[in-house]
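S.K.: Quick one, what's the 3D model for this:
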Amino acid sequence: MDEPRQQRRPTVAQVYALAAALCGLHDVPFPETRVEASETIERLRRELGHPEPALGDGPQRQRSAG
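M.R.: Now for the predicted structure:
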């Protein structure tokens, strides 16, 4: 059975809109490439003192074939 609409995860478009709004709020340019996005994420994580390892230090996801 489907979960109620209000309890579903945000859509990709909603996540992008949220990220763009936060970048604008904090005067951070929205990244144009994946490399820029990764660099911006890592810089912001360090600035915030994020306790988790850097994104590149975590376990790699297995991509499914197909």
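S.K.: Might you report the residue contacts of residue 19?
M.R.: residue 30 (CB atoms under 8 Å, 6 or more residues apart in numbering). For every residue, glycine as well, the C-beta is placed using N, CA and C.
S.K.: Distance of the spatially closest residue to residue 39 that is not a sequence neighbour relative to residue 13?
M.R.: Excluding the flanking residues, the one nearest residue 39 by CB to CB, 6 or more residues apart in numbering is residue 31, at 7.7 Å. Going from residue 31 to residue 13 by CB to CB, to the nearest Å gives 17 Å.
S.K.: Which one's more surrounded, these two?
M.R.: Applying other CB atoms under 10 Å to residue 31 and residue 13 shows that residue 31 carries more neighbours, namely 15 against 8.
S.K.: Return the set of buried residues in the worst-scoring helix or strand of the chain on mean pLDDT.
M.R.: When each helix and strand of the chain is scored by mean pLDDT, DSSP states H and E, helix 34-48 comes last, with a mean of 92. Within helix 34-48, the residues scored as buried using 16 or more other CB atoms under 10 Å are residue 40.
S.K.: about what we covered before: give me the phi and psi angles of the residue nearest to residue 39.
M.R.: Here is the backbone geometry of residue 31 (degrees, to the nearest 10): phi -60, psi 140.
S.K.: In contact with it, which residues?
M.R.: 37, 39, 40.
S.K.: Residue 22: which of these is nearest?
M.R.: Checking the contacts of residue 31 against residue 22 by CB to CB gives residue 40 as the nearest, at 10.9 Å.
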